[in-house]
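> I'd like to go over a predicted model; first the sequence, then the structure.
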Amino acid sequence: MEYSGSMFSTTAKSHLNKLDIIQRKATRIKYKLRRNVHAVSLLIFLSLDDLTGRREARLLKLIKYLVKAKCHPTMTALVQV
């Protein structure tokens, strides 16, 4: 769900929220917890960021690499003005 997360930056928020729901459900299944366990506190307890936060952090990191030209030359060629 996190693979190519920066590519989802233009996706509608309602669609991204569905990915967050899947992450919370998967976390409950993985740890064999009931459906009524509060997901936000569970993610905090497991030290997991929500997907939205990780997508935003990855996108910012990607932009910094592009600005500093520390990425593949093809990527810098795509964003040159």
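In hand now; what should we look at?

> Find the helix or strand that L43 is a member of.
L43 is part of helix 39-45 when elements are defined by DSSP states H and E.

> Measure how far that helix is from the centre of its chain, please.
With Cα atoms, centre = their mean, to the nearest Å as the basis, helix 39-45 stands 16 Å off its chain's centre.

> which secondary structure elements does that helix contact?
When contacts are defined as 3 or more Cβ pairs under 8 Å, 6 or more residues apart in numbering; DSSP states H and E, helix 39-45 packs onto helix 13-30. Yep, even glycine has a C-beta here, placed from its N, CA and C like the rest.

> I'd like to know which elements the helix it packs on is packed against.
Using 3+ Cβ pairs under 8 Å, 6+ apart, helix 13-30 is in contact with helix 39-45, helix 51-67.

> which of those helices has the lowest average pLDDT?
Per-stretch mean pLDDT for the helices and strands packed on helix 13-30 is lowest at helix 39-45 (a mean of 80).

> ok, and what's touching the helix or strand harbouring A77?
Element membership of A77 [criterion: DSSP H and E] is helix 73-79. Contacts with helix 73-79, where a contact means Cβ atoms under 8 Å, 6 or more residues apart in numbering, come from 65-66, 69.

> Pick the one among those residues closest to L51.
Y65 (20.8 Å; Cβ to Cβ).

> Tell me, how many residues neighbour that closest one?
14 (other Cβ atoms under 10 Å).

> residues touching it, list them.
Per Cβ under 8 Å, 6+ apart, neighbours of Y65: 71, 75.

> and it, how far is that from R55?
16 Å (Cβ to Cβ, to the nearest Å).
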